[in-house]
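Visitor: Just a sequence and a predicted model for now, questions to come.
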Amino acid sequence: MQKTKKISSWILFVFVFLVYAISAPNTIAFWDSSEFITSNYTLQASHPPGAPFYTILCKVVLSFFPATKAALITNLISAFFGALTITLLFRITINIAERILSATKNKLEPILVLLSGITAALTLAFSDSFWTAATEAEVYTLSFALMTGMIHILLLWERTLDKRKEVKLLFFFAFLLGISTGVHLILIAIVIPLSILIAHKKFGLTIKSFIIAILLGCIAFFFIYGFVVQGSIKLANSLDVWLVNSFQMSLNSGVIIMLILISMLLSLALLFSRKRQKITLHHTVLGIVFFLIGMSSFFMSIQRSEVNTLVAESLKNSNKMLQYVRAEQFGISAIPLLKGPVFNAPLDKDVGFIDGKPAYSYNSNSEKYEMVHDGKFKEVNYSDEFTMFFPRMFDKGDAEKYKAWTPIFGEPINYPVQGEMVTINKPTFTENISFFINYQIVWLNARYLFWNFIGRQNDHHGLGYIKDGNWISGINAIDKSRVGDTSLMPEHYKNHKGNDAYYFLPFILGILGIIALRKHKHYFWTTLLLFLTFGIGITIYVNPVPSSILIRERDYIFIGSFVIFALWVGLSVIFLAQALQAVKNQKARIGIVATLVLLAAPIQLLAKGWDNHQRGHDNFAYNFGKAYLDACPPQSILITNGDNMTFPLWYLQQVEGYRTDIRVINYDQLNIETHINNLKKVYYDSKPLKLNLNHDFYVSGVEKLIPLQEETKDAAVLPILFEFLKKDDTRINWNGRMRHYIPSTTFSIPIDTTRIKKLFDPQKLNASYTSAITWNHAKKFYGLNEIVLMNILMNNINERPICFVSNGKKRHQISLEPYLIQHGLVNVLAPIQRKNPQLNPKIVATDMMYPYIINKVQFEGLDGDSGFIRDENTTYAREILRQNYYFLAQALLEEGQTKKAIEVLDKCTTLFPNKTIPYEQYAYAIGRLYVRAGNAQQGTEICKTAMKNIWDELQWMVSFNPPYPIINLRHAYRLKNMYYQMMQQFPSGIQNAPISEQMFREFDTAFSTWQKRNWPY
């Protein structure tokens, strides 16, 4: 039997790895994939809190391959650990299945055990979330391999009677737990559920031992996470500050001395325990040693702090390392868990701000740690009347989104705000729990579970709409209350390749698997707690806000719970075998069970998921990044925002060495000290940028919001403004602290027209150069990144082209749109404006952009329906690329170049046709351009198709009472208004629109009735 299990596990590994290898993309994908490939190849720290062990491991492998294969190999590393996870789950399942069946004395027990293991392994392998994670560069499959490895080790420990082997297995467990910290810190939580197995073996599982085990497991988690991981770095930092400042010792002396002290302490403990025969103490100390050895990968981040790359934060000392591991960049420490303020809490009427901890930063000039913030009035102090136990709605920036996910009427409380009594409706605890259930549990957690084991509507980014990212079963009677009747769905949604319905079958098998464990309480509770810890437990701990999925789906963080559910699916084999006792022929019974479970779960998942997991043809992110870089003039400064607009560019530059003359700056990271410092350095072929900000203005620890104190309506001339910000006597008292401020909402950059590099011929653009760039950018508070960007613009505009990615978002452009010229997929900042109000203020560099669009950029693969097109690719093609083709065609028409305009429009409709990238508002605008260019028939057809798509979606939405009515009604209202505008602008007149005015008015009346019926406020 042992030989059969080994052979089976290896066959599973090879088979699953081959499936993943076939499915994996050959190049980069969006999100963190590009960043991880870049940081792995260059051996630098990735985003906080880091994954140093993953980075080191991948770098070792990548050392044997050329740069052009870095993306593919890193994707295959994920596939390798995905297959390894599957193999380990197979072993875990057969281990548990053997224990369950050990009392049956059945000759065919080994077959049932193998069938359980194979079913569990392949169910996980072909589940949607895991399959996706296993085919792109990410830390997750390695973290799941470590997770299943630790579970497998503890199950072996639980079964063995050999004391020596017990100790070895626990040491190995401690070592893997230490390694896990260098992959994903959340894996430390595994000690909570696994405490049940320890309690069962050592004391027997009673109610008392169960409660004690859980309490000790929670204590162990917070001890390891808070004291050992973060505490050791904090101790090293405190020691370093003392030694450097008091004894003039070199930087990181505290780290070295702490390591020496820990080594000495552990050595003495080992010698003492060995000499005194304190076996338990001896083994405990050795366990700590193994854990610390595993955790030592974090030293890589400090060792590589001087690496000349763009992704890494410069972690030169323990102070930076502590901020990094705490992920302070993302504000995680400010998220309340058990008690905190609600989202509309006002400041305390008496003391709005209270003292916090002083902040220190190392100054390389003085070679000392200097206080950059004394902590005075550092922390916001909200009114106690607006605090709540277990606050789920706490983020002020998400106030309207909270109200969209659950109706909030609140409890009216009169409270003084800035000296005036106002009534604030504090959310009730019931409303708080309603949001917790509706959004955090049902939408963020259960929906992802159901995706994988009941069915998924499509891969569209789900924000609560009935059309995007819902779970479905395939049974219309069940699904229609949530996503509407199948017969009314538009064809694009009904026939989407990501529409995979499993009819509840894998889910039912999982429930049966839980029942199979009912007589084995230690396995029942261990697996259940593992499932809850890596599912709902993560949700409670992270306390996600609605905007947490505005960027992307987060199903990957819950895959740990899906691993356990797949285990239960495998154990359903035992339940069914016992339930079918009426079938006396044992071989027939096993045949029936095998047919049922394999067809219902792994085979169904593989068959239905195959088409939408084949990504070998997907090179969209690669071409998208190249298109941005290709649009930039030499030595450009390119301002990006967001992961997907930045990471592919960094990959192209740092791994493949493509367009390294361009300085790519992520606007969102211009509030991080090390990223600002890096601007002043040479990077590859990019010259350093000029900045004249004082270091103490942006050093880590100072306030990153600068208030507006409007003192003039005149423009703040930036050279004068930055001198103003350097002076101490120009500060104002703001909430008890002397702080810099911004005196105007209008800004101006003087332009030296004799020095500036003139990239454009103003006569060709029907425009003229101006002596200054003057613009309005009104805000109550200005972020540090906005101020730093203004400084970059002021100091570099005369010497280097400054570009902004054109992606439909405007935040990173800080209201400079009147001075931006369309130049490919970027906008170039130039002191050029059109004075004639009759002309289109949108300026397009057609001489550059026409050959670039027609001949240079490559976006093949989006026009056919044979391959699966991921939602990100569809969204960017629809909302970004179509827009840029439209701007170029419009400008060519305005210049009288009709033939070229039609060529651009033809290229757009060929690359992004309706069958793959459904026509909407930008496509409608393109249709109108066709009409203007003289091709009325094609233009009218495009307009009709765009209108039909919107009309069909509207009819679908109003056909029933949708869940999350606030979200869906707002979307339907936008669609209705959009459709009416299209009717009014229809090329051949509103009388010829696809829907008559009379029919639309009748619909509008029915729409109002539907709206009143569903609107909760």
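Guide: Received the coordinates, thanks.

Visitor: Nearest the geometric middle of the chain, what residue?
Guide: Arg552 (5.6 Å; Cα atoms, centre = their mean).

Visitor: Tell me the spacing between it and Ile335.
Guide: 19 Å (Cβ to Cβ, to the nearest Å). Where C-beta positions appear, they are placed from N, C-alpha and C, glycine not excepted.

Visitor: now Gln937
Guide: 57 Å.

Visitor: The two: who's more crowded?
Guide: Ile335 (16 against 9; other Cβ atoms under 10 Å).

Visitor: That one: what's it in contact with?
Guide: Phe394, Val542, Asn543 (Cβ atoms under 8 Å, 6 or more residues apart in numbering).

Visitor: Let me know whether Ala936 touches Tyr930 as I believe.
Guide: Yes. If you go by Cβ atoms under 8 Å, Ala936 and Tyr930 touch, sitting 7.5 Å apart.

Visitor: how many neighbours does Thr423 have?
Guide: Neighbours around Thr423, by other Cβ under 10 Å: 9.

Visitor: now swap in the one 4 residues further on and tell me
Guide: In terms of burial, Pro427 registers 25 neighbours under the definition other Cβ under 10 Å.

Visitor: same check, this time on Thr68
Guide: 10.

Visitor: Per-residue pLDDT of the residue lying closest to it once chain neighbours are set aside, please?
Guide: Excluding the flanking residues, the one nearest Thr68 by Cβ to Cβ, 6 or more residues apart in numbering is Glu656, at 6.5 Å. We have a pLDDT of 94 for Glu656.

Visitor: what's Glu656 sitting at in phi/psi?
Guide: Here is the backbone geometry of Glu656 (degrees, to the nearest 10): phi -100, psi 0.

Visitor: cool, and Ala716?
Guide: According to degrees, to the nearest 10, Ala716 has phi -80, psi 110.

Visitor: wait, what's in contact with it?
Guide: Ile742, Pro743, Ser744, Thr746, Phe747, Ser748.

Visitor: Touching, the fourth one and Ile773? I think so.
Guide: Meaning Thr746. No. At 11.3 Å, Thr746 does not count as touching Ile773 under the criterion of Cβ under 8 Å.

Visitor: more neighbours, these two?
Guide: Legend: neighbour count by other Cβ under 10 Å for Thr746 and Ile773, higher for Ile773 (23 against 16).

Visitor: Please identify the helix or strand for the more buried one.
Guide: strand 772-776 (DSSP states H and E).

Visitor: and that strand, which residues are buried?
Guide: Across strand 772-776, burial judged by 16 or more other Cβ atoms under 10 Å covers Ile773, Thr774, Trp775.

Visitor: wait, which of the residues you listed is closest to Pro801?
Guide: Ile773 (14.1 Å; Cβ to Cβ).

Visitor: any idea how far the closest one lies from Ile637?
Guide: Counting by Cβ to Cβ, the gap from Ile773 to Ile637 is 15 Å.

Visitor: same thing with Phe173?
Guide: Taken as Cβ to Cβ, the span from Phe173 to Ile637 is 50 Å.

Visitor: Please compute how far the strand holding Ile773 lies from its chain's middle.
Guide: With Cα atoms, centre = their mean, to the nearest Å as the basis, strand 772-776 stands 35 Å off its chain's centre.

Visitor: partners of that strand, with directions?
Guide: Here strand 772-776 is paired, per DSSP bridges, with strand 746-750 (antiparallel).

Visitor: quick one: contacts of the helix or strand following the partner strand?
Guide: Counting by DSSP H and E, the next helix or strand C-terminal to strand 746-750 is strand 768-769. With contacts defined as Cβ under 8 Å, 6+ apart, strand 768-769 is touched by Ile751, Thr753, Ile756, Lys758, Pro762, Ala830, Pro831, Ile832, Gln833, Lys835.

Visitor: cutoff 10 Å now
Guide: Ile751, Thr753, Ile756, Lys758, Phe760, Pro762, Ala830, Pro831, Ile832, Gln833, Arg834, Lys835 (Cβ atoms under 10 Å, 6 or more residues apart in numbering).

Visitor: Distance of Met155 relative to Ala97?
Guide: Careful, residue 155 is Leu and not Met. 11 Å.

Visitor: what about the two, which has more around it?
Guide: Using other Cβ under 10 Å as the criterion, Leu155 and Ala97 rank with Ala97 on top: 25 against 20.

Visitor: List the contacts of that one.
Guide: Contacts of Ala97 by Cβ under 10 Å, 6+ apart are 109-110, 112-117, 120, 516, 567, 570-571, 573-574.

Visitor: from what I can see Ile853 touches Asn884, true?
Guide: Yes. Here Ile853 reaches Asn884: they are 7.6 Å apart, a contact under Cβ atoms under 10 Å.

Visitor: Got the phi and psi for Phe353?
Guide: phi -130, psi 140.

Visitor: I figured it hits Asn381, correct?
Guide: Yes. Phe353 is in contact with Asn381 according to Cβ under 10 Å; the separation is 5.9 Å.

Visitor: what do these two both touch?
Guide: In contact with both Phe353 and Asn381: Leu347, using Cβ under 10 Å, 6+ apart.

Visitor: Show me what whichever strand or helix holds Gly510 is packed against.
Guide: Using DSSP H and E, Gly510 sits in helix 505-516. Contact partners of helix 505-516 among helices and strands, from 3 or more Cβ pairs under 10 Å, 6 or more residues apart in numbering; DSSP states H and E: helix 70-101, helix 109-125, helix 447-453, strand 455-456, helix 521-532, helix 559-579, helix 586-598, helix 604-609.

Visitor: Put together TSV for these, with mean pLDDT and distance to Lys494 on each row.
Guide: Listed next are the helices and strands packed on helix 505-516 as TSV, based on pLDDT from 0 to 100; distance: least, Cβ to Cβ, whole Å:
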stretch	mean pLDDT	distance to Lys494
helix 70-101	95	31
helix 109-125	94	27
helix 447-453	96	18
strand 455-456	96	14
helix 521-532	94	33
helix 559-579	95	27
helix 586-598	92	28
helix 604-609	96	15
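
Visitor: These: which one's closest to Ile966?
Guide: helix 447-453 (17.7 Å).

Visitor: With that, I have no additional questions.
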